[in-house]
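In: here are the coordinates; sequence isn't available:
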């Protein structure tokens, strides 16, 4: 698989696996953790979630600036790994639930998230610039797109297991302390403690409490609510702790291979026979300007795509928790732990990335051999259209479902009233195909088009555009709580279609720039 690619590609991919592991733990559990830990509603949890994801990508621009200014790309990447591990440690330390001081403990959590985001900013874009330099020569240049696709596929292997481990730890800790997982209970517990349960919700809470307690029916429902929330969220804290070990493994791999990696600060053109190494010829001012215009045009368009795609950790996770029959996905592992929860759906995206990347690469290779392979800008436009199709599926599958507020009023839907998990699985499949047309190829496009002196900052700008799309994620959470569910998905259909048609409008210009 890596045979015709630079030797450093595998080591760089392994170094990035820790970041992906932590990313998918965050994507799987962050929004649900914020609600179960602090009693936040979906809109407020969505705001914190979107600011965090904005920061992850926006700070990549800062990381690119730091690396470009200091010319210490490798050291910047290494510091980023360490900071991410520290951030996960801050969140992994168990604190009381319900929290005795909401402002203090929420601030501490947000500070931990900021440390993770800043470390990610130092790490992510600069590592991508490093990988891009591996293909800046005659020997490997034609393999750039497939190289970034392999890089993207391989780093997602660890991400497959992150949600499974997070759910397994949370549910194991519940069972160890005499409880069973239920997706509706954290919200009901907070309402019980706050005295805001409606009549129907109170009836459901009274019914569920003895069902999830392995030590018999609780005599005091308020005490039960406090105990359940404490155990439930301690399990979440321990799940965050697993990401620390993944980061330490990545740090070890990166440190061992650090001297073998190319240095983007010394961007060179290497001849195929390696007989001479020369500095890449300088671009004239007009070419630099045109390339930057093309890059910023693409950056502006992908904002709408990421606003839609990264709903997988927010509104799609809410949908899994509120409307999907999770019992049909329950898996008991040797009687030790039960894998059940909305978070499990986050494993499908990286799983599909790993399974589908070889197929898509084979299709592109076949088209390349026939001289019909689409350009990178055209692939990106196609991907945006595919993403729109995914939300069309969600919209059709959500017709007739009650609103989020109606579900909250009754304390949650019975399993018989929920939709099949295959609706979300199919949606993630389609979204992953779209992602493979956009994310790795977008990174490849940036590394190819960016002028040599702006490699780090342009990779940072690509991630900055992703950041702006992520900052808009909270709009999805607000829509989810205030309009019909099917209409929420239609908003994302429109956003993806806007992206697609804008890319098609600019296609000839972008293809001319990339030649």
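Out: Arrived safely, thanks for sending. What you see is a predicted model; the values in this text were computed from it and never measured.
In: state the pLDDT value of residue 284.
Out: Note on residue 284: pLDDT of 77.
In: what is the neighbour count of it?
Out: 9 (other Cβ atoms under 10 Å). In this view, the C-beta of every residue, glycine as well, is placed from N, C-alpha and C.
In: count the neighbours of residue 90 for me.
Out: If you count neighbours by other Cβ under 10 Å, residue 90 ends up with 16.
In: what's the closest non-adjacent residue to it?
Out: Spatial nearest neighbour of residue 90, chain neighbours left out: residue 112 (3.4 Å); criterion: Cβ to Cβ, 6 or more residues apart in numbering.
In: one more: residue 46?
Out: Using Cβ to Cβ, 6+ apart, the closest residue to residue 46 is residue 477 (2.7 Å).
In: check contacts around the one you found.
Out: 42, 43, 45, 46, 47, 49, 50, 314, 315, 318 (Cβ atoms under 8 Å, 6 or more residues apart in numbering).
In: next one: residue 23
Out: Residues near residue 23 by Cβ under 8 Å, 6+ apart: 120, 159, 162.
In: can you redo those as JSON lines with pLDDT?
Out: Supplementary listing: the contacts of residue 23 in JSON lines, determined by pLDDT from 0 to 100:
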{"residue": "120", "pLDDT": "91"}
{"residue": "159", "pLDDT": "85"}
{"residue": "162", "pLDDT": "90"}
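In: reformat those as CSV; add neighbour count, secondary structure and distance to residue 54.
Out: Conversion of those to CSV gives the following (neighbours: other Cβ atoms under 10 Å; DSSP: H, G, I helix; E, B strand; the rest coil; distance: Cβ to Cβ, whole Å):
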residue, neighbour count, secondary structure, distance to residue 54
120, 26, helix, 12
159, 26, helix, 21
162, 28, helix, 21
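In: going by distance to residue 13, which of these wins?
Out: Set against residue 13, the nearest of the contacts of residue 23 by Cβ to Cβ is residue 159 (12.1 Å).
In: in which helix or strand does the residue nearest to that closest one when sequence neighbours are not counted reside?
Out: Excluding the flanking residues, the one nearest residue 159 by Cβ to Cβ, 6+ apart is residue 350, at 3.6 Å. In this assignment (DSSP states H and E), residue 350 forms part of helix 348-369.
In: which elements pack onto that helix?
Out: helix 8-38, helix 144-155, helix 157-176, helix 422-449 (3 or more Cβ pairs under 8 Å, 6 or more residues apart in numbering; DSSP states H and E).
In: quick one: low-confidence ranges for the stretch 1-150 of the chain?
Out: 1-3, 138-139 (pLDDT under 70).
In: for the stretch 201-350 of the chain, what spans make up the helices?
Out: Ranges of helices in the stretch 201-350 of the chain, per DSSP state H, counting those that start in this stretch, are 221-257, 285-309, 315-323, 348-369.
In: from the contacts of residue 477, which is closest to residue 440?
Out: The closest of the contacts of residue 477, once distances to residue 440 are taken by Cβ to Cβ, is residue 314, at 22.9 Å.
In: next up, phi/psi of the closest one, please.
Out: phi -120, psi -90 (degrees, to the nearest 10).
In: that one and residue 43 touch, don't they?
Out: No. Checked against Cβ atoms under 8 Å, the pair residue 314 and residue 43 is beyond contact range at 10.7 Å.
In: element containing the residue nearest to residue 46, please.
Out: With DSSP H and E as the criterion, residue 477 is inside helix 473-482.
In: give the buried residues for the very next helix or strand once past that helix.
Out: Using DSSP H and E, the helix or strand that follows helix 473-482 towards the C-terminus is helix 485-505. Buried residues in helix 485-505, counting neighbours by 16 or more other Cβ atoms under 10 Å, are found at 485, 488-493, 495-500, 502-503.
In: quick check: residue 97 is in a helix.
Out: No. The assignment for residue 97, made by DSSP: H, G, I helix; E, B strand; the rest coil, is coil rather than a helix.
In: just the local confidence number for the nearest residue to it once chain neighbours are set aside, please.
Out: Leaving aside its sequence neighbours, residue 97 sits nearest to residue 233 (Cβ to Cβ, 6+ apart; 4.2 Å). For residue 233, the model assigns a pLDDT of 96.
In: okay, residue 314 and residue 43: which has more neighbours?
Out: Under the criterion of other Cβ under 10 Å, the comparison of residue 314 against residue 43 puts residue 314 first, with 24 against 15.
In: quick one, what contacts the more buried one?
Out: 31, 46, 49, 50, 473, 476, 477.
In: wait, residue 8 touches residue 259, no?
Out: No. Contact between residue 8 and residue 259 fails when scored by Cβ under 8 Å: they sit 10.7 Å apart.
In: any regions of the stretch 401-515 of the chain where pLDDT drops low?
Out: 456.
In: and what about the nearest residue to residue 497 once chain neighbours are set aside, helix, strand or coil?
Out: Once flanking residues are discounted, residue 497 sits nearest to residue 388: 5.1 Å by Cβ to Cβ, 6+ apart. With three-state DSSP as the basis, residue 388 sits in helix.
In: count of neighbours near the residue nearest to residue 90?
Out: 19.
In: so which bits of the helix or strand encompassing it are buried?
Out: Per DSSP H and E: residue 112 is located in helix 102-133. Within helix 102-133, the residues scored as buried using 16+ other Cβ under 10 Å are 105-106, 108-110, 112-133.
In: with stretch 344-360 instead?
Out: In stretch 344-360, counting by 16+ other Cβ under 10 Å, buried: 344-354, 356-357, 360.
In: let me have those in a markdown table, adding pLDDT as columns.
Out: Listed next are those as a markdown table, based on pLDDT from 0 to 100:
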| residue | pLDDT |
| --- | --- |
| 344 | 92 |
| 345 | 93 |
| 346 | 90 |
| 347 | 91 |
| 348 | 93 |
| 349 | 89 |
| 350 | 89 |
| 351 | 92 |
| 352 | 93 |
| 353 | 86 |
| 354 | 86 |
| 356 | 90 |
| 357 | 83 |
| 360 | 87 |
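In: relative to residue 222, which of these is nearest.
Out: residue 344 (30.4 Å).
In: if we can go back for a sec, how far away from the center of its chain is the helix holding residue 350?
Out: 19 Å (Cα atoms, centre = their mean, to the nearest Å).
In: contacts for it?
Out: 1, 20, 24, 145-146, 149-150, 152-153, 156-157, 159-160, 162, 312, 373-374, 424-425, 428-429, 431-433, 435-437.
In: buried only: go through those for me.
Out: By 16+ other Cβ under 10 Å, these give 20, 24, 145-146, 149-150, 152-153, 156-157, 159-160, 162, 312, 373-374, 424, 428-429, 431-433, 435-437 as buried.
In: rewinding a little: redo the helices and strands packed on helix 348-369 as CSV? Include distance to residue 74.
Out: Below are the helices and strands packed on helix 348-369 laid out as CSV (distance: least, Cβ to Cβ, whole Å):
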stretch, distance to residue 74
helix 8-38, 11
helix 144-155, 17
helix 157-176, 22
helix 422-449, 17
